[in-house]
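**Student:** need a structure here:
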Amino acid sequence: MIPKTKPAADALLLEIARTHFPSIETLETHNSDGLDFHDVAVWAIRSALEAAYEAGRVAGAKAMLAATTHR
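**Tutor:** The predicted structure is shown next:
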């Protein structure tokens, strides 16, 4: 089971998905093969994963900076 993320993280994930997979309108489950499954190229998956990784790296760096400056 995928853990529920924060609303800001959900919005970022949806933005990444929409950028790399234009046919995806939502990341919510519809219990419909036509809406829940998409044919995508492996290079698009790689690009989306790289964008998500980079977003996480930036968020982590910002959190570390905030933690060190608020001591």
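**Student:** so which bits of the helix or strand harbouring residue 44 are buried?
**Tutor:** Per DSSP states H and E, residue 44 falls inside helix 42-69. Buried residues in helix 42-69, counting neighbours by 16 or more other Cβ atoms under 10 Å, are found at 48, 51, 52. C-beta coordinates here come from the backbone N, C-alpha and C atoms, glycine included.
**Student:** and the worst-scoring helix or strand of the chain on mean pLDDT, how far out from the chain middle?
**Tutor:** Here the helix or strand of the chain ranked lowest by mean pLDDT, DSSP states H and E is helix 33-36, holding a mean of 92. Mean-position distance between helix 33-36 and its chain equals 19 Å (Cα atoms, centre = their mean, to the nearest Å).
**Student:** then stretch 40-54?
**Tutor:** Worked out by Cα atoms, centre = their mean, stretch 40-54 lies 10 Å from the chain centre.
**Student:** just stretch 46-58 next, same as before
**Tutor:** 8 Å.
**Student:** does residue 26 belong to a helix, a strand or coil?
**Tutor:** coil (DSSP: H, G, I helix; E, B strand; the rest coil).
**Student:** surely residue 10 and residue 26 touch.
**Tutor:** No - with contact defined as Cβ atoms under 8 Å, residue 10 does not reach residue 26; the gap is 10.3 Å.
**Student:** can you pull out the low-pLDDT segments for this protein?
**Tutor:** 1-5, 71 (pLDDT under 70).
**Student:** skipping adjacent residues, who's closest to the residue positioned nearest the centre of it in space?
**Tutor:** Nearest to the geometric centre of the chain sits residue 13, at 2.4 Å (Cα atoms, centre = their mean). Nearest residue to residue 13 in three dimensions, chain neighbours excluded: residue 27, at 6.2 Å (Cβ to Cβ, 6 or more residues apart in numbering).
**Student:** residue 36 too?
**Tutor:** In space, residue 36 is closest to residue 30, 5.6 Å off (Cβ to Cβ, 6+ apart).
**Student:** cool, and residue 20?
**Tutor:** residue 48 (3.9 Å).
**Student:** hang on, the earlier thing: how near is the residue nearest to residue 13 to residue 15?
**Tutor:** 10 Å (Cβ to Cβ, to the nearest Å).
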